[in-house]
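Engineer: Pasting the sequence and the predicted coordinates here, then a few questions.
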Amino acid sequence: MSIGKVIVLIKGAGEMASGVAVRLKRSNFKVCMTETFHPEAVRREVSFCEAVYDGEKTVEGISARFVDSFSQIQGVWDCGKIPLIVDPDTAVKEFLKPAVLVDAILAKKNLGTRMTDAPLVIGLGPGFFAGRDVHMVVETMRGHNLGRVIQEGEPQPNTGIPGVIAGYSSERVFRAPKSGTLKTLKGIGDRVETGEVVALVDDCQIKAQIGGIIRGLLRNETIVREGMKTGDIDPRGEKEYCYTISEKARTIGGSVLECILSHFNR
């Protein structure tokens, strides 16, 4: 089968899903993505789900375009772009009949993906068991095993602790102090100092615990839940990192490519 004819359906269009989509699009696969009605991506500058709000989103030269019907998908492919459709039930898989389905929602649990959804079904991170729910699982936890392809069994469980970047873990993440409406006072790419207020949830302040560049931040006016991740700081201070795929997403994208090639090149 020609690579150019292999359809890959990706569930989710957040940061990790978008890293996968860019890798596969550059490898000449026909990629389509699904999302919810109101996606909540923190790293918005590298997440194709922003096309749900803006109509189109470009990440590292690859563009995704929002479509509102299955019939528009081919036209977006013809333009060299990735079609993205709001389809929380993934009904589009019956229309496209993809050779590969990638569950990249990263919900830390399986929301309904089954091994029968496509000839090759790949799950990212905790919640999937290779050989039972999906054919293969990709390890998503930072560390020695990041990107490992699992063909039988499951990845490491979710710890709830953010990965370490430049020596910082939980300190680099913003979380909502209460449930309410987020009001952003800073933007992605802004430099902040320790203690600086970056956002409000109603009347409660969210302050930076460390200095650095704001790498991710939810959209202004997002309804948030107490404890919900609302943004993050990159202590390395490199502004360009806000607009390029992370080493983690790039690694996971390469692992998904490995899964596909190992399956079809047997």
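Structural biologist: Good, I have the coordinates. None of these values were measured; they are calculated from a predicted model. Numbering: from 1, shown residues only.

Engineer: Tell me the spacing between the residue of the chain most remote from its centre and Leu111.
Structural biologist: Within the chain, Asp203 marks the point farthest from the mean C-alpha position, 30.1 Å out by CA atoms, centre = their mean. Using CB to CB, to the nearest Å, Asp203 is found at 34 Å from Leu111. All C-beta atoms are positioned from the backbone trio N, CA, C, and that covers glycine.

Engineer: Arg65 too?
Structural biologist: 25 Å.

Engineer: Of the two, which one has the most company?
Structural biologist: Neighbour tally, Arg65 and Leu111, criterion other CB atoms under 10 Å: the higher count belongs to Arg65, 21 against 12.

Engineer: Check which helices and strands the longest helix anywhere in the chain sits against.
Structural biologist: Looking across the chain with DSSP state H, the single longest helix is helix 247-264. If contacts are counted by 3 or more CB pairs under 8 Å, 6 or more residues apart in numbering; DSSP states H and E, helix 247-264 sits against helix 15-26, strand 100-103, strand 120-124, strand 136-138, strand 149-150.

Engineer: Ok, which of these comes nearest Gly211?
Structural biologist: helix 15-26 (22.6 Å; CB to CB).

Engineer: contacts for the closest one?
Structural biologist: Residues from elsewhere that reach helix 15-26 (CB atoms under 8 Å, 6 or more residues apart in numbering): 8, 10-11, 13, 31, 33, 41-43, 46-49, 59-60, 62, 64, 82, 102, 104-106, 124, 140, 216, 245-246, 248-250, 252-254, 256-257, 260.

Engineer: moving C-terminal of it, what's the next helix or strand?
Structural biologist: Counting by DSSP states H and E, the element after helix 15-26 in chain order, helix or strand, is strand 30-35.

Engineer: host element of the nearest residue to Val42 once chain neighbours are set aside?
Structural biologist: Nearest residue to Val42 in three dimensions, chain neighbours excluded: Gly216, at 3.8 Å (CB to CB, 6 or more residues apart in numbering). For Gly216, the host element (DSSP H and E) is strand 212-217.

Engineer: Report all helices and strands that that strand contacts.
Structural biologist: strand 191-192, strand 197-201, strand 229-234.

Engineer: The same query, at a cut-off of 7 Å, please.
Structural biologist: strand 191-192, strand 229-234 (3 or more CB pairs under 7 Å, 6 or more residues apart in numbering; DSSP states H and E).

Engineer: Tell me which strands that strand pairs with, and in which orientation.
Structural biologist: Strand 212-217 pairs in its sheet with strand 191-192 (antiparallel), strand 229-234 (antiparallel), by DSSP bridges.

Engineer: picking up where we left off before, can I get the buried part of the contacts of helix 15-26 as one PyMOL selection?
Structural biologist: Typed into PyMOL, the next command selects the buried ones out of these (criterion: 16 or more other CB atoms under 10 Å):
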select buried, resi 8+10+11+13+31+33+41+42+43+46+47+48+49+59+62+64+82+102+104+105+106+124+140+216+245+246+248+249+250+252+253+254+256+257+260
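
Engineer: picking up where we left off before, ok, the residue farthest from the centre of the chain to Glu193 distance?
Structural biologist: 22 Å.

Engineer: Deepest-packed of the helices and strands packed on strand 212-217, please.
Structural biologist: Comparing the helices and strands packed on strand 212-217 by mean neighbour count (mean count of other CB atoms under 10 Å), strand 229-234 ranks first with a mean of 22.

Engineer: wait, doesn't Ser169 sit right on Pro162?
Structural biologist: Yes: using CB atoms under 7 Å, Ser169 makes contact with Pro162 at a distance of 5.1 Å.

Engineer: Pick out whichever of the two has more residues nearby.
Structural biologist: Per other CB under 10 Å, whichever of Ser169 and Pro162 has more neighbours is Pro162, with 15 against 12.

Engineer: Might you report the residue contacts of the residue nearest to Ala13 when sequence neighbours are not counted?
Structural biologist: Spatially, and ignoring its direct neighbours in sequence, Ala13 is nearest to Cys49 (3.8 Å; CB to CB, 6+ apart). Applying CB atoms under 7 Å, 6 or more residues apart in numbering, we find Cys49 in contact with Ala13, Gly14, Glu35, Pro39, Ala41.
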